[in-house]
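1. okay, predicted coordinates and the sequence, questions at the end:
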Amino acid sequence: MQYNVLEYLENTACRLPEKDAFSGPNGGWPFARVLDAARRVGTALALRLPGVRRRPVVVFQERSPESIAAFLGVVYSGNCYVPLDAGLPLERLQAILNLLRPAAVLRMGEVTTPPVSCPVLSYAQAVLCEADEALLKAIRLASTDQDPLYIIFTSGSTGTPKGVVTCHRSVIDYIDAFAEIAHIAQDDVLGSQAPLDYVAAIRDIYLPLKLGASCYLLPRSLFSMPARLFDALDEHRVTTLCWVASAFVIPAKMNAFAYKVPRYVNKVIFTGAVMPSKYLRRWQQALPDALYINHYGPTEITASCTYAVIDHLVGENETLPIGVPYRNTDILLLDEEGREVTAPGRIGELCVRGCSLALGYYGAPEATARAFVQNPLNAAWPDRIYRTGDYASRDERGVLWFHGRKDSQIKLMGHRVELVEIEAAARAVEGVEDACCFFQAEKEWLWLFVQSATAESAGLFEQLKRRLPAFMIPRRLVIRPALPVLANGKVDRRSLMAEMEAQSHGAG
């Protein structure tokens, strides 16, 4: 039984030493090179931190194969890696470092790091260290599959970042299941879109290590230049796209398929947000033989926990299911009293059981206790579930459908309103590319931010009136060519909420 992700790397490096595991604009790194670099870095860290185990080591990373080798080096040292972007606002970085109090910081390239009180190692120096076989073996023998592997930070509801701690067992369970669902094989080439400090990157890292597939780290700049993006997909023979939904939208809306259709792509996997059907349809029409899969799941359950294979040409305004659970994963729908919702069509909070659950939030026991709770359906033994805060229902076939977040369901004029329903109605309007809806409770106003280059307020209001009851029509409508996005490609909802408050205050 496998209990450490490094076994993926060791087995594949033995089998395919000269094959590129990861590559980027500066060239490729074969599996053997990744293994050698990781073992050297692991030894350097272990020697600098004698006896230190299962502690966070921050890696101020670049988007490069070297950074992935650095992550794995931290794992060899018996600790868990924390990928951070040194370009984040200093206040956020300082909040994360204050929470972590890391055992060490590993710095890639010329990255400038904030001041810390722990040892700071340069990757360039660490990789010069000779690997100590006996030391690395002793560290491995003292480890278990429940040891933390990584900590990835997400935005907290209070504005304080939350560090999600995930162990080896969760990632092994997830990667094994994902590989089966997506039919990833040794001859596949993944085109990586996700930033390395984002949970989706674990697929780009660990699928190649497990299967002997390859991963090309696509430069972020390409996603605003679809023609060059498609050229890169062909140049590197990319077969598999596992991107956030917004990354698929830009090529589709800019009609990049008129320039060319990627020759080798045969798997299109979207996650992270709702995939607009009108743009998915354009991908399907361009690549009719590809496998299309919708994935759902938050960082706390190791990236995703349900999937739906989209096996038909979708309609322009079709809603997509989030599907069925991965193997070894159980989905519960619970009502507000903690009772199971079983009737088809009835909505409950989506809760997850299984090995994929994170260990919790680093240094935040109260937040962990609120989100990771005892299964209310089982009082006989400890049985942990994760409360996602999302609403879902099952249809007659047992397929799951997403109904928005608990905090997006509001009470307006005596009616329960799902903000996600308003967003879906807006996205269905011709010319609308994306939409975000907010409720300003003190005024009982609905605000709708819309991304569109062509829509006008009067026309959009008329279209919404045809699709929604009067009480769901937004009081304020803001149309702009682009909505602000985070580094991972998701809409920056916090920025839009701040803008709403500022505009409201300015308007009195």
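-> Great, that's in hand. Residues are numbered from 1 along each chain as shown.
2. in the longest helix seen in the chain, what's buried?
-> Using DSSP state H to define each element, the chain has its longest helix at helix 31-48. Judged by neighbour count (16 or more other CB atoms under 10 Å), helix 31-48 contains these buried residues: 31-46. For glycine as for every other residue, the C-beta is placed from the backbone atoms N, C-alpha and C.
3. now do the SS call for the residue nearest to residue 109 when sequence neighbours are not counted.
-> Distance criterion CB to CB, 6 or more residues apart in numbering; nearest residue to residue 109, sequence neighbours excluded, is residue 62 at 5.4 Å. At residue 62 the chain is in coil, as set by DSSP: H, G, I helix; E, B strand; the rest coil.
4. out of the buried residues of helix 31-48, which one sits closest to residue 97?
-> Nearest to residue 97 among these, counting by CB to CB, is residue 45 at 17.6 Å.
5. pretty sure that closest one contacts residue 118?
-> No: look at residue 45 against residue 118 with CB atoms under 8 Å: they stay out of range, at 11.6 Å.
6. before we move on, back to that, relative to the whole chain's centre, how far out is the longest helix of the chain?
-> Distance of helix 31-48 from its chain centroid, counting by CA atoms, centre = their mean, to the nearest Å, is 27 Å.
7. what does the residue nearest to residue 309 when sequence neighbours are not counted show for phi and psi?
-> The spatially closest residue to residue 309, leaving aside those adjacent along the chain, is residue 293, at 5.5 Å (CB to CB, 6+ apart). The phi/psi pair for residue 293 (degrees, to the nearest 10) reads phi -130, psi 130.
8. distance of residue 293 relative to residue 266?
-> 12 Å (CB to CB, to the nearest Å).
9. who has more neighbours out of those two?
-> residue 293 (22 against 16; other CB atoms under 10 Å).
10. tell me which residues form a beta bridge with the more buried one?
-> Here residue 293 shows beta-bridge partners residue 269, residue 309, assigned using DSSP bridges.
11. what's it in contact with, if anything?
-> Shown in contact with residue 293 (CB atoms under 8 Å, 6 or more residues apart in numbering): 181, 182, 267, 268, 269, 270, 307, 308, 309, 310.
12. any idea how far it is from residue 212?
-> Going from residue 293 to residue 212 by CB to CB gives 21 Å.
13. try residue 181
-> Counting by CB to CB, the gap from residue 181 to residue 212 is 18 Å.
14. with residue 185 instead?
-> Counting by CB to CB, the gap from residue 185 to residue 212 is 9 Å.
15. neighbour count winner among the two?
-> A direct count of neighbours by other CB under 10 Å for residue 185 and residue 212 places residue 212 higher, at 20 against 12.
16. on that earlier part again, helices and strands around the longest helix of the chain, which ones?
-> Other elements packing on helix 31-48 under the criterion 3 or more CB pairs under 8 Å, 6 or more residues apart in numbering; DSSP states H and E are helix 6-15, strand 20-24, helix 65-76, strand 104-107, strand 120-122, helix 123-126, helix 133-141.
17. which of these sits most buried?
-> When these are scored by mean count of other CB atoms under 10 Å, the highest mean neighbour count falls to helix 65-76 (a mean of 26).
18. specify the angle between the next helix or strand after that one and helix 65-76 in degrees.
-> The C-terminal neighbour of helix 65-76 among helices and strands, as given by DSSP states H and E, is strand 80-84. Here strand 80-84 runs at an angle of 150 degrees relative to helix 65-76 (axes from the mean of the first three to the mean of the last three CA atoms, to 10 degrees).
19. go ahead and measure how far strand 80-84 is from the middle of the chain.
-> Chain-centre distance of strand 80-84: 15 Å, with CA atoms, centre = their mean.
20. mind giving me the packing neighbours of the next helix or strand after it?
-> As assigned by DSSP H and E, the chain's next helix or strand after strand 80-84 is helix 90-100. In terms of contacts (3+ CB pairs under 8 Å, 6+ apart), helix 90-100 is packed against strand 56-60, strand 80-84, strand 162-167.
21. go again using 7 Å as the cut-off
-> strand 80-84 (3 or more CB pairs under 7 Å, 6 or more residues apart in numbering; DSSP states H and E).
22. any idea how far residue 352 is from residue 446?
-> The value you get for residue 352 to residue 446, if CB to CB is used, is 31 Å.
23. the more surrounded of the two?
-> When residue 352 and residue 446 are compared on other CB under 10 Å, the one with more neighbours turns out to be residue 352, at 25 against 21.
24. send the alpha carbons of the helix or strand containing that one over as PDB?
-> Residue 352 is located in strand 347-354, with elements delineated by DSSP H and E. Written as PDB, here are the backbone C-alpha positions of strand 347-354 (Å, rounded to 0.1, in the frame of the first residue of the first chain):
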ATOM      1  CA  ILE A 347     -32.100  21.000  -1.600                       C
ATOM      2  CA  GLY A 348     -29.700  20.400   1.300                       C
ATOM      3  CA  GLU A 349     -26.200  21.500   2.300                       C
ATOM      4  CA  LEU A 350     -23.600  19.400   0.500                       C
ATOM      5  CA  CYS A 351     -21.400  17.600   3.000                       C
ATOM      6  CA  VAL A 352     -18.500  15.200   2.200                       C
ATOM      7  CA  ARG A 353     -17.100  12.100   3.900                       C
ATOM      8  CA  GLY A 354     -14.000  10.200   3.000                       C
END
